[in-house]
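Enquirer: After the sequence you'll find the predicted model.
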Amino acid sequence: MSRSNGREAQKDNDLFFTCSLIDYIGRKTKNSRADVVNALGKEKIEKIYDLADIYHSDNIERVSQDFINEAKISQGSFDNVRACRYAIPTYWDIGKVYKRLIKMAAADEKIGIVDALIKVYNSFISKKIDDYNSSVYYENPSYIFECYKENKML
């Protein structure tokens, strides 16, 4: 049984933090979110997800820097924040979008959360969500999920 200390299950909040941290690291290092996920690898992502309730109470700047150093993530050139011509969503906003999509993908594909996370971030929809000049990250979660399943924008 999953703990619930509020409106959502604890593991849902842990996934939300994990996705938000991935976005934070991507912004800080100017890497695509798929590149961040791939650099972290499954083992480090599982660690973040498993210990998210602890990391969440720490400073995200320090936590992100620890994982950047540990995974040896170098500076890239992907700067979707600077390229954005409109209101920039926060890393928490984007974390919520990914959390919902990953939960749906895991349930639909009957795979674990971390496996679904890696699959989602490496899918075509990740590039669409991370284009802050599009409206994909504002779309209905069910629509985003259907696009992910069909491997194209509908």
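Expert: Now that the structure is in, tell me what you want to look at. Numbering: from 1, shown residues only.

Enquirer: Return the set of buried residues in the least confident helix or strand in the chain by mean pLDDT.
Expert: Ranked by mean pLDDT, DSSP states H and E, the weakest helix or strand in the chain is helix 80-83, scoring a mean of 86. Across helix 80-83, burial judged by 16 or more other CB atoms under 10 Å covers N80. All C-beta spots, glycine's among them, are computed from the backbone N, C-alpha and C.

Enquirer: Go ahead and name everything in contact with that helix.
Expert: R27, I88, D130, D131, Y132, N133 (CB atoms under 8 Å, 6 or more residues apart in numbering).

Enquirer: before we move on, what about stretch 46-55?
Expert: For stretch 46-55, using CB under 8 Å, 6+ apart, the contacting residues are 10, 13-15, 17-18, 21, 40, 63, 67, 113-114, 117.

Enquirer: With secondary structure and neighbour count as added columns, please give those in a markdown table.
Expert: Converted to a markdown table, the contacts of stretch 46-55 look like this (DSSP: H, G, I helix; E, B strand; the rest coil; neighbours: other CB atoms under 10 Å):
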| residue | secondary structure | neighbour count |
| --- | --- | --- |
| Q10 | helix | 14 |
| N13 | helix | 19 |
| D14 | helix | 22 |
| L15 | helix | 27 |
| F17 | helix | 22 |
| T18 | helix | 27 |
| L21 | helix | 24 |
| L40 | helix | 24 |
| V63 | helix | 21 |
| F67 | helix | 21 |
| I113 | helix | 21 |
| V114 | helix | 20 |
| L117 | helix | 28 |
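
Enquirer: Widest-spaced pair of the contacts of helix 80-83?
Expert: Farthest apart among the contacts of helix 80-83 by CB to CB are R27 and N133. That separation is 15.5 Å.
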